[in-house]
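*Asks:* no sequence on this one, just coordinates:
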């Protein structure tokens, strides 16, 4: 008895997307279930990267000639599309392009914040920074180190047995001493969505600033920063089909204006004297040195692809795929799911262990059957330690997966089991 | 352009799995003369390797305890068998040969035969992420004999 209806099953059996992704199209035998680590890219993203260098290559911002102007315009167009994509629009619906800062990846976006926000809020001894135990190391180590150097206390939000961060937990951990709250929207290990809007509301009531790690949410669910209510949102382009090397930091105009710069140098100033410098307006203030303009342009193409197919439609498909993935794994007697029992609570990712078999062996044997999954600590060691696991397997889907990928994973896991225990 | 198919389909073969499921040397060696622990923090592999050196200077008995992936455990079992009755110098030379094999630096079949069953792990050279699993026992033994740590 499947959770999915016959119509839903036939929906995920069909796959109108795979052909758009050259690596998948050229390797029909390949089952790619590691999109939470990085997504595959559609052909038009690869074309865009090339087209930038063939048709508009010049250093953006500096030049007074047409090529440079075009390069600059391509970056600005990318900012505009990204702003619209995450709901960073004004009351008239106009995308707020200057609220989009380009970085190298989500980690750099979070480091930008962790190196500037403490100064803005005057973080010090007696203050508290609140994160969750589900953080990826990218949103954990920066705050751990900030607390070590400022004397502030690092406080962890912890989910209940059902992997939910409850209202009581939010109220207990976020209080008058809290100056910064930085939480992941979707856990890269558990696949659960955290109640970010509630967390932001409580944090703001306590006068704290709110940062959200959207690395695992922006690629998979239609994210709207107005609904999240956060001050800053970090995510990466490569997890939503863009090239590696582009990260995004969104912030409200108010906070981006107020934050000091992170990296200094070329392009991020208005004027410089021997003894001082005046910063350029946002976002240039945060973009020192030559940027990966081709990467921004190709990220624009990646989001154009998502926009064309409709993020709601893609999210719907991914929710069906993730639910089916979770349900299929639950059907194997030797599998333990690390995360919610409810298949519908998994956003793209499902972590699991195979009884008595090390996750690295599981991944290696699956690889021999052309099935790619992640195994290890998923850059979330404190979470795994807290859960009492050394490492786990993780399978994660994107819209370009289909039912056959899940069936191949299940077959592969049966192979893993029989390698260790003989045929059933 | 097809994805590389360098991954060896033969690694987890019955001979290898026999070392995993029916190890001969996975026990506590009570009268050990040397004991050393090796860990791979990122994998959670944890191995305590013990030997007893006899009056004639050879390794009379070798055994290991601990937990980890199949590759680290099978590798420890194969190594224990191989170094029994060897002198510490011979054992160290075999460790060095094994390290070269899993890094893909030694592929000469005649040379690899010296490793007996452990030569089954030569395909690890195509699985860079698993090299440290395969090496754990051998690195532990090298450290033990190099450091000459007394039990």
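*Replies:* All right, it came through fine. This one's a predicted model, so the numbers in the text were calculated from it and none came from an experiment.
*Asks:* could you find the closest non-adjacent residue to residue B:83?
*Replies:* residue B:91 (4.3 Å; CB to CB, 6 or more residues apart in numbering or on different chains). Where you see a C-beta, it was placed from the backbone N, CA and C, and this is true even at glycine.
*Asks:* please identify the helix or strand for that neighbour.
*Replies:* helix B:88-102 (DSSP states H and E).
*Asks:* report the buried residues of that helix.
*Replies:* Neighbour-count burial for helix B:88-102, with 16 or more other CB atoms under 10 Å in any protein chain shown as criterion, is recorded at B:88, B:91-92, B:94-95, B:97-102.
*Asks:* how about stretch A:194-203: buried residues?
*Replies:* Using 16+ other CB under 10 Å as the burial criterion, the residues of stretch A:194-203 that qualify are A:194-196, A:198-200, A:202-203.
*Asks:* contacting residues for the residue nearest to residue B:83?
*Replies:* By CB atoms under 8 Å, 6 or more residues apart in numbering or on different chains, the contact list for residue B:91 reads B:59, B:83, B:141, B:145.
*Asks:* where does pLDDT dip in chain B?
*Replies:* Low-confidence segments of chain B, defined by pLDDT under 70: B:1-9, B:147-151.
*Asks:* phi first, then psi, for the residue in the stretch 1-150 of chain A that chain B sits nearest to.
*Replies:* For the stretch 1-150 of chain A, the nearest residue to chain B under the criterion CB to the nearest CB is residue A:27, separated by 5.0 Å. The phi and psi torsions at residue A:27 (degrees, to the nearest 10) take the values phi -130, psi 70.
*Asks:* coming back round to it: in helices, which of the contacts of residue B:91 fall?
*Replies:* Within the contacts of residue B:91, membership in helices is found for B:83, B:141, B:145, as judged by DSSP state H.
*Asks:* ok, and what's touching stretch A:408-418?
*Replies:* Residues external to stretch A:408-418 that are found in contact with it (CB under 8 Å, 6+ apart): A:31, A:33, A:325, A:328-329, A:331-332, A:334-335, A:354, A:357, A:361-362, A:365-366, A:369-371, A:373, A:395, A:424.
*Asks:* go again using 7 Å as the cut-off
*Replies:* Contacts made with stretch A:408-418 from outside it, assessed by CB atoms under 7 Å, 6 or more residues apart in numbering or on different chains, are listed as A:31, A:33, A:328, A:332, A:334, A:354, A:357, A:362, A:365-366, A:369, A:371, A:395, A:424.
*Asks:* narrow these to those that are buried.
*Replies:* Of the members of the contacts of stretch A:408-418, the ones counted as buried by neighbours, 16+ other CB under 10 Å, are A:31, A:33, A:328, A:332, A:334, A:354, A:357, A:362, A:365-366, A:369, A:371, A:395.
*Asks:* and of those residues, the nearest to chain B?
*Replies:* Nearest to chain B among the buried ones among the contacts of stretch A:408-418, with distances taken as CB to the nearest CB, is residue A:365, at 5.8 Å.
*Asks:* residues in contact with the closest one?
*Replies:* A:415-416, A:419, B:12 are the contacts of residue A:365 under CB under 7 Å, 6+ apart.
*Asks:* in space, what's closest to residue A:374 - neighbours in sequence excluded?
*Replies:* Distance criterion CB to CB, 6+ apart; nearest residue to residue A:374, sequence neighbours excluded, is residue A:394 at 4.5 Å.
*Asks:* from chain B, how far out is the one you found?
*Replies:* Between residue A:394 and chain B the distance, using CB to the nearest CB, to the nearest Å, works out to 15 Å.
*Asks:* could you tell me the model confidence score at that residue?
*Replies:* Model confidence at residue A:394, given as pLDDT, is 98.
*Asks:* same question for the one 4 residues further on.
*Replies:* Here, the pLDDT recorded for residue A:398 equals 98.
*Asks:* do I have it right that residue B:83 meets residue B:59?
*Replies:* Yes: contact criterion CB atoms under 7 Å: residue B:83 and residue B:59 qualify, at 5.3 Å.
*Asks:* those two: which has the busier surroundings?
*Replies:* Counting neighbours by other CB atoms under 10 Å in any protein chain shown for residue B:83 and for residue B:59 shows that residue B:83 has the greater number, 27 against 23.
*Asks:* who's in contact with the more buried one?
*Replies:* Going by CB under 7 Å, 6+ apart, the list of residues near residue B:83 reads B:59, B:62, B:91, B:94, B:141.
*Asks:* and the two most separated of those?
*Replies:* Farthest-apart pair in these is B:62 and B:94; separation 11.8 Å (CB to CB).
*Asks:* correct me if wrong: residue A:283 contacts residue A:97.
*Replies:* No: using CB under 7 Å, residue A:283 makes no contact with residue A:97, being 8.3 Å away.
*Asks:* which one of the two is surrounded by more residues?
*Replies:* Summary of the neighbour comparison: residue A:283 and residue A:97, criterion other CB under 10 Å, with residue A:283 having more neighbours (21 against 18).
*Asks:* tally up the residues packed near residue B:77, please.
*Replies:* Residue neighbour count, defined by other CB under 10 Å, stands at 24 for residue B:77.
*Asks:* picking that back up, what about the residue of the stretch 1-150 of chain A closest to chain B, neighbour count?
*Replies:* If you count neighbours by other CB under 10 Å, residue A:27 ends up with 15.
*Asks:* just the pLDDT for it.
*Replies:* According to the predicted model, the pLDDT of residue A:27 comes to 98.
*Asks:* quick one: which of the contacts of residue A:365 has the most company?
*Replies:* Taking other CB under 10 Å as the neighbour criterion, residue A:416 ranks highest of those with 24 neighbours.
*Asks:* wait, residue A:195 touches residue A:166, no?
*Replies:* No: look at residue A:195 against residue A:166 with CB under 7 Å: they stay out of range, at 8.6 Å.
*Asks:* closest to the centroid, which residue in chain A?
*Replies:* In chain A, the centroid-proximal residue (CA atoms, centre = their mean) is residue A:215; its distance is 1.0 Å.
*Asks:* that residue - that's part of a strand, no?
*Replies:* No: applying DSSP: H, G, I helix; E, B strand; the rest coil, one finds residue A:215 to be coil, outside a strand.
*Asks:* returning to what we had before: so which of the buried residues of stretch A:194-203 sit within helices?
*Replies:* Of the positions in these, A:196, A:198-200, A:202-203 sit in helices, assigned by DSSP H.
*Asks:* what would these look like in JSON lines with distance to chain B and pLDDT?
*Replies:* As requested, these are exported to JSON lines (distance: CB to the nearest CB, whole Å; pLDDT from 0 to 100):
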{"residue": "A:196", "distance to chain B": "30", "pLDDT": "98"}
{"residue": "A:198", "distance to chain B": "35", "pLDDT": "98"}
{"residue": "A:199", "distance to chain B": "31", "pLDDT": "98"}
{"residue": "A:200", "distance to chain B": "34", "pLDDT": "98"}
{"residue": "A:202", "distance to chain B": "36", "pLDDT": "98"}
{"residue": "A:203", "distance to chain B": "33", "pLDDT": "98"}
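*Asks:* nice, that's everything, thank you.
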